[in-house]
Structures are given as structure tokens and as C-alpha cells.
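In: Only the shape, not the letters, is given here:
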């Protein structure tokens, strides 16, 4: 039994980070609403705005042929009898005319990208973008975001049309000649993208069942262990360590990805923002699992028979007894309630732990703050139980017959 328990505990520690990934894939990558809510704030990120301005400006290329325009003006002036040097001077203005038009396009594109209208376009485009992420990972679905050769691209045609309209309204008539465009803004690129499709499909199928299976395996492993409390501590610390390894792996993966960006990715800063945004909830889940594992391990240890654990519990009971004596001296009594709590304190504690465990299990995407809040509630309840139990003992001593 001990060997089997060790195998189950080891398997549990390995499956905890895998479970976090499956939940992330199932709830973030393959959930349209949550995906959109995740990437929507990117529209106001400076790196994304700069990349969008660059791509929209390039797409809305309303360049005037400055050399041709100035040459025509120079020829007309010379036909009126002006000296050639005047025509040459006019011709030299061609590059400045091109630059002025470019600046006008960039200014309009920047104003559009920094407005609420771009946020709307970005959000709507990324709602369809979710289809592309699913396509990237499962090979199914298409949309305005396309995946080809491991590259995820966003069609900025809608934004270009908006900029084109503003240019025409501003009096830049050459913008009317901007053709219907199908310009792409690279969101993500990885040569390994297609290779992980089978794994992503498996994770999607497993979905939210793997975390449940992981908890069940861990519980069986602890129950079959000869020293269950020590097994629980080992399981929680092992799971926390495995999650720490996953967190380090994410840091390494991020650095590797950014150091090997292909030429298709025009903005490394934008690529970093997108990467960080997409894995943000996974990072939160990893931190939550690490904190939860450590706190549960500490709680399990302090409930044991070790010297430090006994000292901590003894100190808490002495403090509760002192408070109970002070209350009794000032006429504060709990009567039979305190006596009943003292008698059933163990089972009350177990009941509180089970309730809080269920609350955590059904909490929608818990965070570190969630864990700390539940721990704080647990400590308060345990303190109340200890105080009631102490008053119960005080009451029992008062009514006990004197020898």
C-alpha cells in the first residue's frame, strides 16, 4: 500500500500543472467570450497601438507621385516663359510633397488608433480571432484571423477603410484611390504551432475532468499512506514545486519566443504584450496553486504531533483559556453552547474545512487573493471555535463538584 500510495502522490504532483494547462486551454484559448475579454485591453497598449499604426499606414498607402506632380507644374511654368531654374526648384519639392502626404496618413491613422473606434474594431476583430486560435490548435474553423504555417495574422482591412474615409474627409482626395486591401497584422508566430495540435485536441477533450481526476488520485494516495498527515504535506509541497517548475518554464518559453521572432512579426514589443496577455490567467493559476499548496502543507503540519505544531496549538489554547477566564471574570458566559463546541470541536473543524474546500472548488477562476481570503476566514472561525471551547471548559470547571 505504501508503494502504491507513493506512486499516486507522485502522479498527482505531475498532473497538477498539467491540469492547470488543460483548464487554461479549455477556458481561455477555446472560450470565445473569455478570449475576447482577455485581449480587449490590448487595444490601448502603446506597443499594440504603434504596431497597428504602422500596419494601417502601410496598408492605406495614399502616396502622391510627388515627382510627377512637380514635374508637371514645372513644365507648365516653363511654358509660360519662366526660366528653367524656377522649374528645377519646383521639381526639387517632390520628396517634400511625398513626405507631407505620408505624415498626413500617419497622423490620421494615429488619431484613429488612439480613439475608442479602434477599440471597437479591435474587439470585434478579435471575437472572430478566437476562431483562428481554435483553428491554430485544432485545425478547425476560420475567420478574419488566419493561420498559415504557424503564423496567426489579423486582417486590418476594416481599420484601413476607416482611415481611408477620414483621409478623404480631410481633403486628401488621392486616398479615394486606395484599393480594397487585405493587409495582415501578425499576432503570433511559432514553427511548433501545427505540431502541438494533437496535444491541444487531447487537452480540450480532457477539459475540466483532469483536475477532478487529479484531486481524486491525490486523495486516494493520501488515504492509503501509513502516515496520512505527512503524505498530505508531501503531496501539497510536491504539487507546489511542480507548479514552480511550470512557472519557470513559462519564463524560459517567453524569452525563447521573443529571441526567435521571425521577420513576419513587425513589432517585438507588441508580440510580448500579446504573449503576456494570453498566458496571464495561466500565470495567475500557477501562483494560486503554489500558494494553496504551501498553505495547506503548513496547516497539515501544524495539525500534527511535531514539537513546533504542539507548541503553536498549545500557545493558541492558552491564549483562548486566558480570554475565557477574563470573560468569566466579567460575567461573559456561553453556557451549554461552549460545552457543546468543546465536545464537538474536532468535527466542527473538519466541517469548516470541507465547506471552505467546496467554496474554493466552485469558485470561478480563483486567485491568490481568493486563497488568502479563505485562509483568513478559516483562521477567524478556528479562533472563534477555540474561544467557545475555552469558555465551555471554564463553565465545566465551575459547575464541577468540588472534591
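Out: That came through fine. These figures come from a predicted structure and were not determined experimentally.
In: switch to C-alpha atoms for all contacts and neighbour counts from now on
Out: Will do.
In: in the chain, which ranges drop under the pLDDT threshold?
Out: For the chain, the stretches with pLDDT under 70 are 1, 29-32, 55-105, 127-201, 203-204, 207-208, 262-266, 394-403.
In: Let me see the ranges of the strands in it.
Out: For the chain, applying DSSP state E gives strands covering 145-148, 151-155, 184-189.
In: so residue 8 makes contact with residue 214?
Out: No - between residue 8 and residue 214 there is no contact under CA atoms under 8 Å: 9.4 Å.
In: Residue 210 - how many residues pack around it?
Out: 19 (other CA atoms under 10 Å).
In: just residue 332 next, same as before
Out: 12.
In: Dihedrals phi and psi, it?
Out: Residue 332 adopts backbone torsions of phi -100, psi 120, taken as degrees, to the nearest 10.
In: That one: what's it in contact with?
Out: Counting by CA atoms under 8 Å, 6 or more residues apart in numbering, residue 332 touches no other residue.
In: State the phi and psi torsions of residue 279.
Out: Torsion angles, degrees, to the nearest 10, at residue 279: phi -100, psi 10.
In: quick one: it from residue 216, how far?
Out: 27 Å (CA to CA, to the nearest Å).
In: cool, residue 302 as well?
Out: Counting by CA to CA - residue 302 and residue 216 are separated by 24 Å.
In: Now do the buried residues in stretch 330-347.
Out: Buried positions in stretch 330-347, judged by neighbour count with 16 or more other CA atoms under 10 Å: 333-334, 338-339, 341-342, 345.
In: Next, the distance between the ends of that stretch.
Out: Note: stretch 330-347 ends 30 Å apart using CA to CA.
In: neighbours around residue 280, how many?
Out: There are 15 residues near residue 280, going by other CA under 10 Å.
In: and if you look at the one 10 residues further on?
Out: Using other CA under 10 Å, residue 290 has 22 neighbouring residues.
In: swap in the one 5 residues further on?
Out: The local packing of residue 295 (other CA under 10 Å) involves 18 other residues.
In: can you tell me which residues contact it?
Out: Contact analysis of residue 295 by CA under 8 Å, 6+ apart lists nothing.
In: one more time with 10 Å, if that's ok
Out: Taking CA atoms under 10 Å, 6 or more residues apart in numbering, we find residue 295 in contact with 233, 236-237, 289, 301, 371-372, 375.
In: Same check on residue 256?
Out: Taking CA under 10 Å, 6+ apart, one finds residue 250 in contact with residue 256.
In: Could you check how far residue 314 is from residue 53?
Out: 66 Å.
In: who has more neighbours, the two?
Out: Neighbours were counted for residue 314 and for residue 53 using other CA under 10 Å; residue 53 has more, 23 against 12.
In: That one and residue 108 touch, don't they?
Out: Yes - contact criterion CA atoms under 10 Å: residue 53 and residue 108 qualify, at 9.3 Å.
In: Between residue 8 and residue 214, which contacts overlap?
Out: Common neighbours of residue 8 and residue 214 (CA under 10 Å, 6+ apart) are 14, 220.
In: residues shared between the contacts of residue 53 and residue 108?
Out: Joint contacts of residue 53 and residue 108 (CA under 10 Å, 6+ apart) do not exist.
In: now the residue nearest to residue 254 when sequence neighbours are not counted: how far from residue 331?
Out: Leaving aside its chain neighbours, residue 254 sits nearest to residue 275 (7.5 Å; criterion: CA to CA, 6 or more residues apart in numbering). Using CA to CA, we find residue 275 at a distance of 63 Å from residue 331.
In: got the contact list for residue 8?
Out: 2, 14, 214, 216-222, 224, 235.
In: Next, the buried residues of stretch 6-16.
Out: For stretch 6-16, by 16+ other CA under 10 Å, it's 6, 8-16.
In: And stretch 21-31, by the same measure?
Out: Under 16+ other CA under 10 Å, the buried positions of stretch 21-31 are 21-30.
In: now, which of those lie within helices?
Out: The helices, defined by DSSP state H, take in 21-24 from those.
In: Out of these, the closest to residue 255 would be?
Out: residue 21 (19.2 Å; CA to CA).
In: Verify the stated contact: the closest one with residue 285.
Out: Yes - look at residue 21 against residue 285 with CA under 10 Å: they come within range, at 9.1 Å.
In: which residues do these two both contact?
Out: residue 279.
In: And the nearest residue to residue 16 once chain neighbours are set aside, how far from residue 19?
Out: Excluding the flanking residues, the one nearest residue 16 by CA to CA, 6+ apart is residue 239, at 6.1 Å. For residue 239, the distance to residue 19 equals 11 Å [CA to CA].
In: and for these two, which residues touch both?
Out: Joint contacts of residue 239 and residue 19 (CA under 10 Å, 6+ apart) are residue 12.
In: More neighbours: which of those two?
Out: Higher neighbour count among residue 239 and residue 19: residue 239, with 27 against 22, using other CA under 10 Å.
In: so who does the more buried one touch?
Out: So residue 239 contacts 9-17, 218, 233, 245, 289-290, 292-294 (CA under 10 Å, 6+ apart).
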